[in-house]
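[1] I would like to see how this sequence folds:
(2 chains)
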Amino acid sequence: MAKLIDGWEVVIGLEIHTQLNTNSKIFSGSSTTFGQDPNTQASLVDLAMPGVLPVLNKAVVDLAVRFGLGIDAYIDKASVFARKNYFYPDSPKGYQISQMDNPIVGLGHVDIQLEDGTVKRIGVTRAHLEEDAGKSLHEDFAGMTGIDLNRAGTPLLEIVSEPDMRSVEEAVAYVKTIHTLVRWLGISDGNMAEGSFRCDCNVSLRRPGNEFGTRCELKNINSFRFIEKAINVEIERQMDILESGGRITQETRLFDPNKMETRSMRSKEEANDYRYFPDPDLLPVIISDEQIEAIRAELPELPKARRERFVSEHQLSEYDAHVLTGSRELADFYEAVVVAAGGEKQAKLAANWVMGEFSAALNKANLEITDSPISAEQLGGMIARIVDNTISGKIAKQVFGFMWESNGQSADAIIAEKGLKQETDTGAIEAIIKEVLAANEKMVEEYKSGKEKAFNGLVGQVMKASRGKANPAQVNELMKKLIG
Amino acid sequence: MTDLHRLSIRELSEGLAGSKFSSRELTEHYLKRIEKIDAQVQSYVTVTPEQALAQADAADALRKSGMANVLTGVPVAHKDIFCTQGIKTTAGSKILDNFISPYDATVVAKGKVAGLVTLGKVNMDEFAMGSTSESSYFGATKNPWALDHVPGGSSGGSAAAVAADLAPFATGTDTGGSIRQPASFCGLTGLKPTYGRVSRFGMIAYASSLDQGGPMARSAEDCAYLMNVMAGHDNRDSTSVNVDADDYVANLNGTSVKGLRIGIPKQYFNVAGLDADVKARVEESLKKLEDMGATLVEIDLNMTDAYVPTYYLIAPAEASSNLQRFDGVRYGYRCENPVDLTDLYKRSRSEGFGPEVQRRILIGTYALSAGYYDAYYVKAQKVRRLIQQDFLKAFESVDVIAAPSAPTTAYKIGASLDPVEMYLGDIYTIAVNLAGLPAINAPVGFDKDQLPVGLQLIGNYWSESQLLSVVHQYQQATDWHTKRAAIAEETV
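    Next up, the predicted model:
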């Protein structure tokens, strides 16, 4: 049952534009490198000179199919490029080459997981290939507009969802799932700050059981936080109108994060008639079964499958499995740690270390996992020393700190160098215990009279005297024996 | 050497190879003729003497070094629809009056590689939309056979330049007959190749699924030489077919007229408006081919009535989109003092495009609009497939199909046909473009006013060699193609 807000059910559908990872543009040989000087990456084709023609960069086809297989979708083996006609200075041809009637990826789905652990399946209507537009530069030109066509022709995959989401939380979870997936599949860097992953949100309200209400589209939102805020703001706006007896006008709106409001860009009546028709300059994109199977064979284990495996084989909690499959790099790292730590038996310990100390250290240093100074093998090697009692968990935190700072010295080297090896010699530990007992007769009496806490205090004294190196389990056992 | 302009391409090639004359002499000769005669014909929009002479000198140097090709040093005129680096490329439009292309079209680049010398750019109907060359912003080109008549269009400048001996051959483009009809009106041979045979890269688009470049010359043999330069795969044009081009010169005698089955579509010869003289000359030429051993077979092409409406939906629809890039933003004409973006678009385009171009943009925009798209564009595409199937069925029983290239000879300049009348003049040519087939025009005599009449032969896909060969043999047996307009006889 969908969560209602004052009796209103929210209906959300999302269109995500994700930039595909290619070195050159979708229909020209120009580079797609971000942040270059204006128009230095705009060729004759990108400038739409008279007489030039588009030629499809075949790399984008494989990337789109990869995505299609990742969402278990229908792949159109003869998809068609179409022209979307409109005038705007950053659209140099006067039309955008996109796909309309035969998109390369048809109906598919993804499963999203909410924070309470519920899983919901969201339909993906289609995903189609298209080119990005250029940029209009309004600053620096008094009374004029500058046009930068570096971005014009950058390959995009537009991923269109069904109107299946019923709350902001679901919408954000869906966007995050797609974001993880495109990076996981290696088809996009998903860099939201550079605009490589942006989202249009279609939002409407209805009374449960009624038909869909009139929707508004919020354009070009490029952070998870803004998606959440924009949808919330829009829900409130629509609810105010509906509750005061008004009607929603179908329109495209812009989210202003400074004023925390959405503003009308254009109404349905003002919308362009794009006059889509198949682009006669491009042939249908023919994909063979062999090509699809070859791409399928190279597909990595998908986040969902991996999450399920972490739960079933590694005995991790749903939560841990979800966190550790947040990116393919993280999941790979975690699994390599498990192997180095001694296998699946150490999975929980490995998960705790990866999600705990290790992630905290990365965050603190503001590093990506790929830039970590400690390799998975090194971290796993250290965990193996906990497992074989060479060090205690507490000492391990020191070892980890040294490893991080030394930029990759092994745990064994650090343990040896710093003398952190755990004391396991019974005689030596007994000697320390005897000293501690002799010096703390009062506590011994307290323990004997039934105060369990006093025992822990004594153990602490022993650990302190051994400078943390005594094996805590051994200390417990020997002390009980010695106190009698 | 005052009669260099009378030589065929083969004779020019041999003359250059045998050092009977240099490319510079040849080029100067043509430039001189252009200077003296073209004021009457107005076939050139831009003449490029400096570049031409520099290319001629380079060609002569290449000859000396023994590295020359067959055509090294032979002059050519390019239709002003092909982009030429550093040279104004206008497509006959005010909107590109100031446009100097930063690159060469593939056809132009291939011409340079072959050693051709570019004399200049020749006139055309604005954006290739027209059948008279009168819609050019740069004024009407005249028919060399009768200067008060049109040369046809849209490749009217190419036709007039060659017919007046102001270029030995020229490139043209054909979207609905724009090579064949002006070739017919000016007494030339002109070949519209199979769609995909000649690269469209750098050829300013009118209707992308119909446009095709091809050669225009005095004979099939001359066309074959230029076709050898123009044809071939180009990876910058996705619709260019990756099939090796023939050696069209070597194949000139490759098809025997004896035993050739020529289909005569009975619908074509009953078209209202087919001029009696045109019909008579075409029938005489077919009789001649029959005498040479061909068999004439009456065939049905049942979709004839659908040609004009189908073409005049698809071509304008594509054009309306292709011409969106001419917006006054990056190049070309921009209106003065635009108050805002919308004003910039509206006035640049309203002032920059001529009436026929605006008419077709409006028709095409309408045909693609929401609510009309299925009824017009989609339906036209379905009919287009039926037209194609109609031809393919015919080719099961014949080798080539014969027709007039146009129902009449050249119109008088300013005859002011209404647009629909003018569109009906395309009846014999447009179906070939809709089907993507190759077709050729050959001169086959004159009407009562001494205006040329053309025979069109339509071939199956990739049969350019066959078409050139059949016409070549016809031209070996007849002399219509050797007739010259009086103006071409003028010596300078």
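
[2] Determine which residue lies closest to the centroid of the chain.
    Going with chain A. With distances taken as C-alpha atoms, centre = their mean, A:Thr180 lies nearest the centre of chain A, 3.7 Å away.

[3] should've been chain B
    Central residue of chain B (C-alpha atoms, centre = their mean): B:Ile179, at 2.4 Å.

[4] so that residue touches B:Ala217, yeah?
    No. Using C-beta atoms under 8 Å, B:Ile179 is not in contact with B:Ala217, being 10.8 Å away. From N, CA and C alone the C-beta is placed, and that goes for glycine too.

[5] Identify the contacts common to those two.
    Both B:Ile179 and B:Ala217 are contacted by B:Gly190, under the criterion C-beta atoms under 8 Å, 6 or more residues apart in numbering or on different chains.

[6] Most proximal residue of chain A with respect to chain B?
    Taking C-beta to the nearest C-beta, chain B has its nearest neighbour within chain A at A:Gly94, 2.4 Å off.

[7] How about the contacts made by that residue?
    A:Ala48, A:Asn85, A:Tyr86, A:Phe87, B:Ser321, B:Leu323, B:Gln324, B:Arg325, B:Asp327.

[8] In three-state terms, label the closest residue to it other than its chain neighbours for me.
    Closest residue in space to A:Gly94, ignoring its immediate chain neighbours: B:Gln324 at 2.4 Å, by C-beta to C-beta, 6 or more residues apart in numbering or on different chains. Here B:Gln324 is recorded as helix under DSSP: H, G, I helix; E, B strand; the rest coil.

[9] Likewise for B:Ile458?
    Of the three states, B:Ile458 takes strand under three-state DSSP.

[10] so what's it scoring on pLDDT?
    B:Ile458 is assigned a predicted lDDT (pLDDT) of 98.

[11] how much space between A:Met100 and B:Arg261?
    Note on A:Met100: its distance to B:Arg261, by C-beta to C-beta, to the nearest Å, is 44 Å.

[12] swap in B:Leu226?
    Counting by C-beta to C-beta - B:Leu226 and B:Arg261 are separated by 28 Å.

[13] ok, now B:Lys88?
    47 Å.

[14] which residues of the stretch 351-484 of chain A fall in helices?
    A:359-365, A:376-387, A:393-405, A:411-418, A:426-439, A:441-448, A:452-465, A:472-483 (DSSP state H, counting those that start in this stretch).

[15] Give me every residue in the stretch 201-350 of chain B lying close to chain A.
    Taking C-beta under 8 Å from any C-beta of the partner chain as the contact definition, the stretch 201-350 of chain B meets chain A at B:201-205, B:207-209, B:235-239, B:317-318, B:320-321, B:323-327, B:329-331, B:341, B:345.

[16] Any quick ChimeraX command for the buried ones out of the residues you listed?
    A single ChimeraX command selects the buried members of those (16 or more other C-beta atoms under 10 Å in any protein chain shown):
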select /B:201,202,203,204,205,207,208,209,236,237,238,239,317,318,320,321,323,324,325,326,327,329,330,331,345
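
[17] so of the residues of the stretch 201-350 of chain B next to chain A, which ones are in helices?
    B:Ala317, B:Glu318, B:Ser320, B:Ser321, B:Leu341, B:Tyr345 (DSSP state H).

[18] which one is the first one nearest to, not counting chain neighbours?
    Setting aside the residues directly before and after it, B:Ala317 is nearest to B:Gly364 in space (C-beta to C-beta, 6+ apart), at 4.3 Å.

[19] Domain map for chain A?
    Split into domains by automatic domain parsing, chain A comes to A:9-293, A:301-418, A:426-483.

[20] Could you export these as CSV, including mean pLDDT and distance to B:Lys287?
    Formatted as CSV, the domains of chain A follow (pLDDT from 0 to 100; distance: least, C-beta to C-beta, whole Å):
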stretch, mean pLDDT, distance to B:Lys287
domain A:9-293, 95, 40
domain A:301-418, 92, 74
domain A:426-483, 83, 114
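
[21] I'd like the ones you listed laid out as CSV, including distance to B:Val378.
    Output for the domains of chain A, formatted as CSV (distance: least, C-beta to C-beta, whole Å):
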stretch, distance to B:Val378
domain A:9-293, 9
domain A:301-418, 39
domain A:426-483, 79
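
[22] Out of the ones you listed, the one nearest B:Ala128 is which?
    domain A:9-293 (12.1 Å; C-beta to C-beta).

[23] Over to that closest one now: how far is its first residue from its last?
    Its start and end residues considered, domain A:9-293 measures 41 Å (C-alpha to C-alpha, to the nearest Å).

[24] and it, how far out from the chain's middle?
    From the chain centre to the centre of domain A:9-293 is a distance of 18 Å (C-alpha atoms, centre = their mean, to the nearest Å).

[25] what number of residues lie near the residue in the stretch 51-200 of chain B that chain A sits nearest to?
    The nearest approach of the stretch 51-200 of chain B to chain A comes at B:Cys83, 4.7 Å away (C-beta to the nearest C-beta). Burial of B:Cys83 is recorded as 29 neighbouring residues (other C-beta atoms under 10 Å in any protein chain shown).

[26] Likewise for A:Gly195?
    As a burial measure, A:Gly195 scores 16 neighbours (other C-beta under 10 Å).

[27] and chain A, which residues reach chain B?
    A:44, A:47-56, A:83, A:85, A:87, A:89, A:92-95, A:147, A:273, A:275-277, A:280-283.

[28] Repeat the analysis, applying 7 Å as the threshold.
    Chain A has residues A:44, A:47-51, A:53, A:55-56, A:83, A:85, A:87, A:89, A:92-95, A:273, A:275, A:277, A:280-283 near chain B, with proximity defined as C-beta under 7 Å from any C-beta of the partner chain.

[29] Just the buried residues of those.
    Counted by 16+ other C-beta under 10 Å, the residues of chain A next to chain B give A:44, A:47-51, A:53, A:55-56, A:83, A:85, A:87, A:89, A:92-95, A:275, A:277, A:280-282 as buried.

[30] And B:Met216, its phi and psi?
    phi -130, psi 130 (degrees, to the nearest 10).

[31] wait, it sits on B:Val162?
    Yes. At 5.8 Å, B:Met216 and B:Val162 qualify as touching, with contact defined as C-beta atoms under 7 Å.

[32] what residues are shared contacts of these two?
    Common neighbours of B:Met216 and B:Val162, using C-beta atoms under 7 Å, 6 or more residues apart in numbering or on different chains, are B:Phe169, B:Ala170, B:Leu188.

[33] Which residues outside the one helix or strand the second one maps to are in contact with it?
    Looking back up the chat, that one is B:Ala170. Element membership for B:Ala170 (DSSP states H and E) is strand B:169-173. Identification of contacts with strand B:169-173 by C-beta under 7 Å, 6+ apart yields B:9, B:76-79, B:81-82, B:107, B:122, B:128, B:155, B:158, B:161-162, B:178-179, B:190, B:203, B:211-217, B:222, B:226, B:230.

[34] go on, stretch A:220-230?
    Residues from elsewhere that reach stretch A:220-230, judged by C-beta under 7 Å, 6+ apart: A:168, A:171-172, A:175-176, A:192, A:195, A:198-201, A:218, A:255, A:257, A:260, A:262.

[35] Now with 6 Å, please.
    A:Val168, A:Val172, A:Val175, A:Met192, A:Arg198, A:Cys199, A:Leu218, A:Phe255, A:Pro257 (C-beta atoms under 6 Å, 6 or more residues apart in numbering or on different chains).

[36] Let me know the helix or strand that the second one is in.
    Think A:Val172. Secondary structure from DSSP H and E places A:Val172 in helix A:168-184.
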